[in-house]
Structures are given as structure tokens and as C-alpha cells.
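Visitor: no FASTA, just this:
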């Protein structure tokens, strides 16, 4: 995995962890990383906090939009946020795109 890609994915995961600490008081915080065949990686950060509706986040709040989603997208990956009353899961995926 190119260093630029690794840095962006780890910074996005770090932001997801920081969000869980700040907004969910670290409740049930877990982080997992696993390889994907073909030099890819999947990172999942979860908490058991109260959750939130991502659609209601004000435009000036950039933690998810810029620090997670845009950062991962910029290196050809995907980031999804699933949140509800039982917690939040951020999944970051990079499939080992040879273009990087």
C-alpha cells in the first residue's frame, strides 16, 4: 500500500475514533483492521453511544465530511457511516487500486 494512501486511511480512522471519544464518551469503542485480498484494507470503528443522523450535521462541521469521507475518497476508497440509537459504525475501505 502506498504511503500516501496509508496515511489518509489512518488519519480518517483516527478522526472516527476522536469522534467516538468526543460524542459517545468512548462507550463500547472498538477499532478493527483487516486485509482485503489484492492489497486492500478494511477499517471499522464502532461505538455504542446514542448515535446521530448524519443528514442533520451542519455544513460547517467537517469532522465526517472532510476528515473522514473526503480524505478516503481522495485516495480511491470509500467511507460509510451507519448510526442509530445503539451506536455508530464508520467503515473505511480501500480495495488496493493499482492506480496508487
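Guide: Received the coordinates, thanks. What you are looking at is a predicted structure, and each value in this text was computed from that prediction instead of being measured.
Visitor: in stretch 50-70, what's buried?
Guide: Residues of stretch 50-70 classed as buried by neighbour count (16 or more other CB atoms under 10 Å): 51, 52, 64, 67, 68, 69. Bear in mind the C-beta positions are built from the backbone N, C-alpha and C, glycine included.
Visitor: Quick check: the second one touching residue 24?
Guide: No: taking CB atoms under 8 Å as the definition, residue 52 is not a contact partner of residue 24, at 9.2 Å.
Visitor: where do the contact lists of those two overlap?
Guide: By CB atoms under 8 Å, 6 or more residues apart in numbering, residue 52 and residue 24 have these common neighbours: residue 88.
Visitor: still on that earlier bit, for the buried residues of stretch 50-70, which one is nearest residue 91?
Guide: Proximity of the buried residues of stretch 50-70 to residue 91, judged by CB to CB, is greatest for residue 68, which lies at 10.4 Å.
Visitor: Just to check, that closest one is in contact with residue 79?
Guide: Yes: the pair residue 68 and residue 79 qualifies as a contact (CB under 8 Å) at a distance of 5.2 Å.
Visitor: what residues are shared contacts of these two?
Guide: Between them, residue 68 and residue 79 share these contacting residues under CB under 8 Å, 6+ apart: 12, 90, 92.
Visitor: ok, the second one touching residue 71?
Guide: No: here residue 90 does not reach residue 71: they are 11.9 Å apart, not a contact under CB under 8 Å.
Visitor: Counting neighbours, show which residues of the host helix or strand of residue 4 come out buried.
Guide: Applying DSSP states H and E as the criterion places residue 4 in helix 3-24. Of all the residues in helix 3-24, those buried under the rule 16+ other CB under 10 Å are 5, 8, 9, 12, 13, 15, 16, 17, 19, 20, 23, 24.
Visitor: From the contact counts, what lies against it?
Guide: strand 30-36, strand 40-47, helix 71-73, strand 87-94 (3 or more CB pairs under 8 Å, 6 or more residues apart in numbering; DSSP states H and E).
Visitor: do you know which of these lies nearest residue 58?
Guide: Among those, strand 87-94 sits nearest to residue 58 (CB to CB), with 17.4 Å.
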